[in-house]
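[1] okay, sequence plus prediction incoming.
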Amino acid sequence: MSAEEDVQDGTQDLTNKSVQVSHLVPEHVREAAKANAEYGELSEKVRVLYETIAFGEEIGQRTQLERELQSVREKKDKKRAKVRELQTEIENLERREMRLEDQIGNLSSKEDKFEGAMEMLEQQLYDGTHIFKEHGAVQKAAGLAGTQPEKVIQELKERNPGVPDYAFESMMHAERTWEGCSEEVARSD
């Protein structure tokens, strides 16, 4: 039975099977319509127009609203998925931020301990103690800084340029015995 016979006997097939339809319109009209519509919007409006002509204004409008509702729901679902994705990214960044803050705190604590060890060494130096690379406190400071004892001695010399080199040698190997000095003298050139 053909579509014409269906219409003649009143049993028209109303399935949702789609067919392609083409129309001739001036090119500038088509381009202007495409420019003024979002992707897929032009095709949707043509479908709605067909339905309105075929079934009346109310059914065509209902179909249009149902399609628009479906489109809104799909967009909403996509946005929610994006929000979940962004929330996951934020949580990852927050965890990274906490790890970095902990690392900075650990470094600050380590730096504070190193600085405390250096100040203790300087005080011993001012009091007349020979400070050398094998000295236990120098070894400890080097361990805190993650460096070699020679670097600790070098930093002590830079911070205390008024202290003679023999103060940084073992008393057994020094040419003179270090008697100490004030902080002001030690820090001056």
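    Thanks, I have it.
[2] please parse this protein into its domains.
    The chain breaks down by automatic domain parsing into domains covering 21-78, 107-187.
[3] helices or strands next to the helix or strand containing Ile104 in the packing?
    Assigned by DSSP states H and E, Ile104 falls within helix 57-126. Packing partners of helix 57-126 (3 or more Cβ pairs under 8 Å, 6 or more residues apart in numbering; DSSP states H and E): helix 41-55, helix 136-145, helix 149-159, helix 183-187. For every residue, glycine as well, the C-beta is placed using N, CA and C.
[4] gap between Arg30 and Leu24?
    10 Å (Cβ to Cβ, to the nearest Å).
[5] ok, now Glu183?
    Computed with Cβ to Cβ, the distance linking Glu183 and Leu24 is 97 Å.
[6] these two: who's more crowded?
    Glu183 (13 against 6; other Cβ atoms under 10 Å).
[7] how far away is the closest residue to the more buried one other than its chain neighbours from Leu65?
    Of all residues not flanking Glu183 in the chain, Tyr126 sits nearest, at 5.7 Å (Cβ to Cβ, 6 or more residues apart in numbering). To Leu65, Tyr126 is 88 Å away according to Cβ to Cβ.
[8] so between these two, which is more surrounded?
    Tyr126 (19 against 11).
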